[in-house]
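1. quick one: sequence and predicted model below, then my questions.
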Amino acid sequence: MARRGIPEVNAGSMADIAFLLLIFFLVTTTIETDSGLDRKLPPDEPPEDDVIIKERNLLQVLINKNDQLMVDEEVTELKDLRRVAMDFLDNGAGVNDKGETCDYCQGAKDPESSVHPEKAIISLVNDRETKYSTYIAVQNELVAAYNQLRNREARRLYEMDFTEMQDLYRDPKTPEDDKEKLKPKVERIQQMYPQLLSEAEPKKN
Amino acid sequence: MAKFTKKKSGELPAVSTASLPDIVFMLLFFFMTVTVMKDNSLMVDNVLPIADQVQKLDKKDRVVYIYAGKPHPRYQSKYGTEARIQLNDKFANVDEVAPYILAEKAKMRQELQPLMTTALKVDKETNMGLISDIKQELRKVNALKVNYTTKEGDALRNME
């Protein structure tokens, strides 16, 4: 008698089963977007007595309902906003509250523009009919201006990008003692260019 | 001679489909690893704007999501075409945002409550008025950490 091998199992339905599972996952899951612009809202408290901000230390960014941009009373294109914001922040024509000059600034030292990054405030006002995408684009450009300046200083001092340092600092996988070492660096850079971005209530019209 | 005639001439051999399950399993594993379970079904349009200075969102257990946008065409006869807020599978009014945030915060573990972040997933066509209203509500309940969820890309493309 001939040797009989083990009979082959019919795997024809395996593909069907796998397809069934695949389709189940296709309908019940989504590819999540889990990144975005982190912002902090101001607390809901009545403002302390009117703080007087000198005109030269304020960069006014207005977005109207037709999504047009006005920076310090000049119509500006979105693509130029980052440059304008960086020039404003990095101007460094004077001294901060402690009477120190901005020795790391590389700006034009324009007497009409901000005195010190610690005093330079960007104010963003939008209309109620402004489109959300425009608002995000403007926010993005302003954050980019800060990030670029901070990156420049971080690279000069620590030979590492600020954004990279920040991501590492925020990453839960980074060991604790690395974080301890990063913390003063991150804070120092943040202090050099503090993010002073104020958002007023949108205009109603 | 009989050996040669046995073969049925002209008939094509069956194509082997043995690798089909492997291919499908590969796809399956891909989807299992890159996607997450849906926890609310979207009732609003949700095309996110684009930005490139993004930071990754915190872990899911400390994030509260607020969706906003035009109602999906399916619901437009009932809710109109004006942008609406969606909280937990339901359309909501602006004044329901604050209680919702507080309720979600109460559900969180004690030590995570101060870390709570609100992720705003807003359709890019929405007017800022609605978002300002949401922001006001968030300020009222002291939920100050927000994340404007965006896709990654060149921000200038938003203006198109």
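-> In hand now; what should we look at?
2. test my guess that residue A:195 contacts residue A:145.
-> No. Contact criterion CB atoms under 8 Å: residue A:195 and residue A:145 do not qualify, at 9.9 Å. All C-beta spots, glycine's among them, are computed from the backbone N, C-alpha and C.
3. out of those two, name the residue with the larger neighbour count.
-> Set residue A:195 next to residue A:145 and count neighbours by other CB atoms under 10 Å in any protein chain shown: residue A:145 wins out with 26 against 15.
4. so which helix or strand takes in that one?
-> helix A:132-158 (DSSP states H and E).
5. the helix or strand that that helix is followed by near chain B anywhere?
-> Next along the chain after helix A:132-158, taking DSSP H and E as the criterion, comes helix A:162-170. Yes. Judged by CB under 8 Å from any CB of the partner chain, helix A:162-170 comes into contact with chain B at A:163, A:166, A:167, A:170.
6. which of the residues you listed tops the neighbour count?
-> Going by other CB under 10 Å, residue A:166 tops these with 19 neighbours.
7. might you list the low-confidence residue ranges for the chain?
-> I'll assume chain A. Residues of chain A meeting the criterion pLDDT under 70: A:1-2, A:47-50, A:201-205.
8. correction: the question concerned chain B.
-> B:1-9, B:160.
9. show me the helices in it, by range?
-> Applying DSSP state H to chain B gives helices spanning B:2-5, B:20-34, B:76-79, B:97-107, B:128-140.
10. could you dump the ones you listed to TSV with distance to chain A and mean neighbour count?
-> Shown next, in TSV, are the helices of chain B (distance: least, CB to the nearest CB, whole Å; neighbours: other CB atoms under 10 Å in any protein chain shown):
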stretch	distance to chain A	mean neighbour count
helix B:2-5	18	6
helix B:20-34	4	14
helix B:76-79	19	11
helix B:97-107	11	16
helix B:128-140	3	20
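11. closest one to residue A:129 among these?
-> Residue A:129 lies closest, by CB to CB, to one member of these: helix B:128-140, at 6.7 Å.
12. for the closest one, which helices and strands make contact with it?
-> With contacts taken as 3 or more CB pairs under 8 Å, 6 or more residues apart in numbering or on different chains; DSSP states H and E, helix B:128-140 sits against helix A:132-158, strand B:63-69, helix B:97-107, strand B:117-122.
13. so what touches the last one?
-> Here strand B:117-122 makes contact (CB atoms under 8 Å, 6 or more residues apart in numbering or on different chains) with A:33, A:36, A:38, A:132, B:46, B:48-49, B:57-58, B:62-69, B:101, B:131, B:134, B:138, B:143, B:145-149.
14. quick one, that strand and helix B:128-140 angle?
-> Computed by axes from the mean of the first three to the mean of the last three CA atoms, to 10 degrees, the angle separating strand B:117-122 from helix B:128-140 equals 170 degrees.
15. so what strands line up beside strand B:117-122?
-> Using DSSP bridges, strand B:117-122 pairs in its sheet with strand B:63-69 (parallel), strand B:145-149 (parallel).
16. can you list those strands in a markdown table and add mean neighbour count?
-> Shown next, in a markdown table, are the strands paired with strand B:117-122 (neighbours: other CB atoms under 10 Å in any protein chain shown):
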| stretch | mean neighbour count |
| --- | --- |
| strand B:63-69 | 22 |
| strand B:145-149 | 23 |
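17. may I see the ones you listed organised as JSON lines, with distance to residue B:40 added?
-> Listed next are these as JSON lines, based on distance: least, CB to CB, whole Å:
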{"stretch": "strand B:63-69", "distance to residue B:40": "8"}
{"stretch": "strand B:145-149", "distance to residue B:40": "14"}
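18. out of those strands, the one nearest residue A:16 is which?
-> That would be strand B:63-69 among the strands paired with strand B:117-122, by CB to CB, at 36.2 Å.
19. may I have the closest one as PDB, with CA atoms only?
-> Output of strand B:63-69 as PDB, limited to C-alpha atoms (Å, rounded to 0.1, in the frame of the first residue of the first chain):
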ATOM      1  CA  VAL B  63      -7.800  65.600  26.400                       C
ATOM      2  CA  VAL B  64     -11.300  66.700  25.900                       C
ATOM      3  CA  TYR B  65     -12.500  67.100  22.400                       C
ATOM      4  CA  ILE B  66     -14.800  69.800  21.100                       C
ATOM      5  CA  TYR B  67     -15.900  69.500  17.500                       C
ATOM      6  CA  ALA B  68     -17.400  72.300  15.500                       C
ATOM      7  CA  GLY B  69     -18.400  73.000  11.900                       C
END
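20. what residues are up against residue 80?
-> Looking at chain A here, since you left the chain open. Taking CB under 8 Å, 6+ apart as the definition, residue A:80 has no contacts.
21. that's the wrong chain, I meant chain B
-> In this structure, residue B:80 makes contact with residue B:71, judged by CB under 8 Å, 6+ apart.
22. quick check: the gap between it and residue B:46.
-> Note on residue B:80: its distance to residue B:46, by CB to CB, to the nearest Å, is 17 Å.
23. now do residue A:130
-> 19 Å.
24. these two: which is more packed in?
-> Per other CB under 10 Å, whichever of residue A:130 and residue B:46 has more neighbours is residue A:130, with 26 against 18.
25. isn't the more buried one right next to residue A:69, touching?
-> No. Checked against CB under 8 Å, the pair residue A:130 and residue A:69 is beyond contact range at 10.1 Å.
26. okay, strands next: where are they in chain A?
-> Remark: strands assigned in chain A by DSSP state E are A:29-30, A:35-40, A:58-63, A:69-71, A:74-76, A:121-126, A:197-199.
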